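Participant: no sequence on hand, only this structure:
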């Protein structure tokens with residue numbers, strides 16, 4: 001089967017920033033509960049999860065309102081500071097630029113569904129010139145209006161934004177919660193992306209279609225022809 005559109009998770013897929021994210025969250029975890037997160041906690045309760053979920057998990061209570069906004073901005077300020085101190089790490093992941101250029105050339109509908117909030121999205125758009133490949137208003141991000149991954153809402157919204165039924169879309173995700181969200185949304189083809197040590201966890205996800213190490217291995221043969229995509 002051929003697929004007419006592609007939806008990307010952002011952090012860990014188009015941007016290899018896992019180290020920065022982990023460092024920022026570990027600082028926050030130390031401040032909030034006095035100890036860092038374990039590898040298992042990072043996999044289950046940080047990767048792919050919205051800030052509101054992670055912060056509530058770390059504190060053991062539901063956080064909302066002004067307290068939530070303040071904690072989110074504190075964490076994201078830490079994260080962006082790490083990115084700016086390490087500019088070599090603030091670039092698109094291997095194979096991303098070439099793949100995105102191909103999608104543009106073939107007129108394949110595409111967008112992003114990210115658990116990042118607006119301040120970070122604006123940061124990424126500016127620093128990485130995302131408007132070259134994406135219609136920025138179609139990007140789905142964590143604006144507090146819908147449940148985060150693993151709920152299907154973000155991927156349902158992303159498919160709607162590129163005017164395609166979910167079953168005709170490919171999703172690329174690096175997190176178990178994101179793959180669960182895509183499957184729950186009825187996405188037609190699920191691609192897990194990660195380093196070799198993470199691939200067994202991705203392959204174990206129900207409904208997974210393929211696992212790759214970089215976007216250079218994206219199965220372009222699964223894309224519909226330009227005529228079919230149009």
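Facilitator: Thanks, I have the structure now. Quick caveat: nothing in here was measured; it's all calculated off a predicted structure. Residues are numbered from 1 along each chain as shown.
Participant: from here on, contacts and neighbour counts on C-alpha atoms
Facilitator: Noted.
Participant: assess the claim that residue 187 and residue 171 are in contact.
Facilitator: Yes - using C-alpha atoms under 8 Å, residue 187 makes contact with residue 171 at a distance of 7.0 Å.
Participant: show me what counts as buried in the host helix or strand of residue 32.
Facilitator: Element membership of residue 32 [criterion: DSSP states H and E] is helix 18-33. The neighbour-count check on helix 18-33 (16 or more other C-alpha atoms under 10 Å) flags 20, 21, 22, 24, 25, 26, 27, 28, 29 as buried.
Participant: all helices of this protein, in order?
Facilitator: Secondary structure of the chain, counting by DSSP state H: helices at 18-33, 39-45, 51-59, 65-85, 96-105, 118-128, 153-161, 176-184, 196-203, 226-229.
Participant: low-confidence ranges, this structure, go.
Facilitator: Within the chain, the stretches with pLDDT under 70 are 226-230.
Participant: domain map for it?
Facilitator: Taking automatic domain parsing as the reference, the chain has its domains at 5-16+90-229, 18-88.
Participant: before we move on, back to that, which one of the helices of the chain lies nearest to residue 215?
Facilitator: helix 96-105 (5.5 Å; C-alpha to C-alpha).
Participant: contacts for that closest one next, please.
Facilitator: Residues outside helix 96-105 that contact it (C-alpha atoms under 8 Å, 6 or more residues apart in numbering) are 14, 109, 110, 133, 215, 216, 218.
Participant: redo that, cut-off 7 Å
Facilitator: With contact meaning C-alpha atoms under 7 Å, 6 or more residues apart in numbering, helix 96-105 is reached by 14, 133, 215, 216.
Participant: and the two most separated of those residues?
Facilitator: Using C-alpha to C-alpha, the two most remote members of the contacts of helix 96-105 are 133 and 216, lying 16.6 Å apart.
Participant: related to what we said a few turns ago, most tightly packed of the domains of the chain?
Facilitator: Mean neighbour count (mean count of other C-alpha atoms under 10 Å) peaks for domain 5-16+90-229 among these, with a mean of 19.
Participant: for residue 26, which non-adjacent residue is closest in space?
Facilitator: Residue nearest to residue 26 in three dimensions, not counting chain neighbours: residue 36, with 5.1 Å by C-alpha to C-alpha, 6 or more residues apart in numbering.
Participant: against residue 155, how distant is that neighbour?
Facilitator: 30 Å (C-alpha to C-alpha, to the nearest Å).
Participant: cool, and residue 39?
Facilitator: 26 Å.
Participant: repeat that for residue 135.
Facilitator: For residue 135 relative to residue 155 (C-alpha to C-alpha), the value is 16 Å.
Participant: tabulate the buried residues of helix 18-33 (TSV), appending distance to residue 164.
Facilitator: Formatted as TSV, those follow (distance: C-alpha to C-alpha, whole Å):
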residue	distance to residue 164
20	33
21	31
22	34
24	36
25	35
26	38
27	40
28	39
29	39
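Participant: residues making contact with stretch 164-179?
Facilitator: By C-alpha under 7 Å, 6+ apart, the list of residues contacting stretch 164-179 from outside reads 3-9, 12-13, 47-49, 149-150, 156, 159, 182, 185-194, 202, 205.
Participant: what does stretch 200-207 give?
Facilitator: 176, 183, 192, 211.
Participant: repeat for stretch 208-216
Facilitator: Stretch 208-216 has contacts (C-alpha under 7 Å, 6+ apart) with 94-96, 99, 189-196, 199, 203.
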